[in-house]
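J.: whatever this is, show me its structure:
(one chain, ligands or ions: 1)
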Amino acid sequence: MFDSVLRDWEGESLVIHRDVPSGAWILIAIHSTRLGPAAGGTRMKQYPAVEDALCDALRLSKGMTLKFAAPGLPYGGAKAVIMLPDGFEPGGRRELLRRYGEHVKALRGVFYTGPDFGTTPNDMDVIAETGSPYIFCRTPEAGGAGDPGPYTAFGVLTGMRAVCEHLHGDASLASRRVLVQGAGDVGGALIPLLVAEGAQVVFSEVDDRLIRYFRDEVGVEFVPAEDALGDECDILAPCALGGVLDETTIPRLRCAAVAGSANNQLGSREDAERLRARGILYAPDYIVNAGGAMAITSLEMRGGTPEGARDEIATYVRRALLRMFEVADREGITPDGAALRMAEEHLAGAVAA
Ligand code: PPY
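T.: A predicted model of the protein is given here:
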């Protein structure tokens, strides 16, 4: 298994630490440093087995390479996974994060990280306490840019407008039915933006606290998680974990388009073809959700302002998607194929960054 998984990954290096005091596994997958230091979030959660954590880290790191390469940003792709052991005591979190910070520091800037599923700007403050300067998105109090979720959500909104522009010749989301699958960090920031645009928003979620908040306090229509994918809507926005689009789910979809923030939405690249065959427009995940990564690097590495970062995100996401949809139509390929080509051209140095 190890042999074929690593071969398919095509990445540069994989660092594996066993954190003896906690029993956690720390995996840092550095997929590419071709365009610059490899950057990507640190995901912290439980997995059924180490193989699952490994596959997650490898696939997500490759996605980060594409996310930075497509807009021509000077970063490579990486992702770290901290696989928590069964029965992990929350009291051990701080020390685990500090030990993780030592590992990041030891990589001497080959790897930059920030928050991801299961980690927050507060965690980044703790990781950076070890003196590791390679940590994005610390809290504003600690001098960081804070949570990138709102920027990712803003990019997803721009992506949905581009989808409407392509399908209807009008970017407005007014009255369009949009299903947000997952109301967490990004989905939860996206919902109010959609409401403000006049969209007909529905959401699915599994966390009771978030369900109560968005359904009962904000007044958004709720759809049980098991009905989300089959909902008849204009745009389906996967904003939870990846792998939601595959040979079993795609036949059930009743949406005109998919545009969401989750990383690795396609089970495999063939699923892009399956969506095309069903006449569903797929906005490639690493284009639609690039807002967070773009904002982080703009605010923390290039001295950008929040307004400047928003402008950059809006311009990039719209232009890139419209171009990919057009190339896909013209050449009879999928938007995913068109996106991959754009990222690969930058990686090959065919287009100046
Ligand atoms: C993502 O967009 O999935 C990220 O992981 C964002 C990111 C980018 C750079 C450093 C940390 C997190």
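J.: only C-alpha atoms for contact and neighbour calcs from this point on.
T.: Noted.
J.: what parts of the stretch 1-150 of the chain come near the ligand?
T.: Counting by CA under 6 Å from any ligand atom, the residues of the stretch 1-150 of the chain lying close to the ligand are Ala39, Gly40, Gly41, Tyr112, Thr113, Gly114, Pro115, Asp116.
J.: these: which two are farthest apart?
T.: Farthest-apart pair in these is Tyr112 and Asp116; separation 12.7 Å (CA to CA).
J.: if you count surrounding residues, which of the two has more?
T.: Between Tyr112 and Asp116, counted using other CA atoms under 10 Å, the more crowded position is Tyr112 (26 against 20).
J.: count of neighbours near the residue of the stretch 151-300 of the chain at minimum distance from the ligand?
T.: Residue nearest to the ligand within the stretch 151-300 of the chain (CA to the nearest ligand atom): Ala293, separated by 4.2 Å. Ala293 has 24 neighbours, counted by other CA under 10 Å.
J.: same question, Ala225
T.: Neighbours of Ala225 under the rule other CA under 10 Å: 14.
J.: just Met294 next, same as before
T.: Met294, neighbours per other CA under 10 Å, totals 23.
J.: which helix or strand contains Leu157?
T.: helix 149-168 (DSSP states H and E).
J.: for this structure, which residue occupies the most central location?
T.: Against the mean C-alpha coordinate of the chain, by CA atoms, centre = their mean, the closest residue is Asn263 at 3.9 Å.
J.: three-state assignment of the closest residue to that one other than its chain neighbours?
T.: Leaving out its chain neighbours, the residue that sits closest to Asn263 by CA to CA, 6 or more residues apart in numbering is Gly242, at 5.4 Å. For Gly242, the secondary-structure state derived from DSSP: H, G, I helix; E, B strand; the rest coil is coil.
J.: hang on, Gly242 packs against Leu266?
T.: Yes - at 7.4 Å, Gly242 and Leu266 qualify as touching, with contact defined as CA atoms under 8 Å.
J.: which parts of stretch 245-257 are buried?
T.: For stretch 245-257, burial by neighbour count (16 or more other CA atoms under 10 Å) applies to Leu245, Asp246, Ile250, Leu253, Arg254, Cys255, Ala256, Ala257.
J.: how much space between the fourth one and Leu236?
T.: Spelled out, it's Leu253. As judged by CA to CA, to the nearest Å, Leu253 and Leu236 stand 9 Å apart.
J.: what is in contact with those two at once?
T.: Leu229 (CA atoms under 8 Å, 6 or more residues apart in numbering).
J.: before we move on, the earlier item: who's more crowded, Gly242 and Leu266?
T.: Leu266 (22 against 17).
J.: please consider this matter closed, and thank you.
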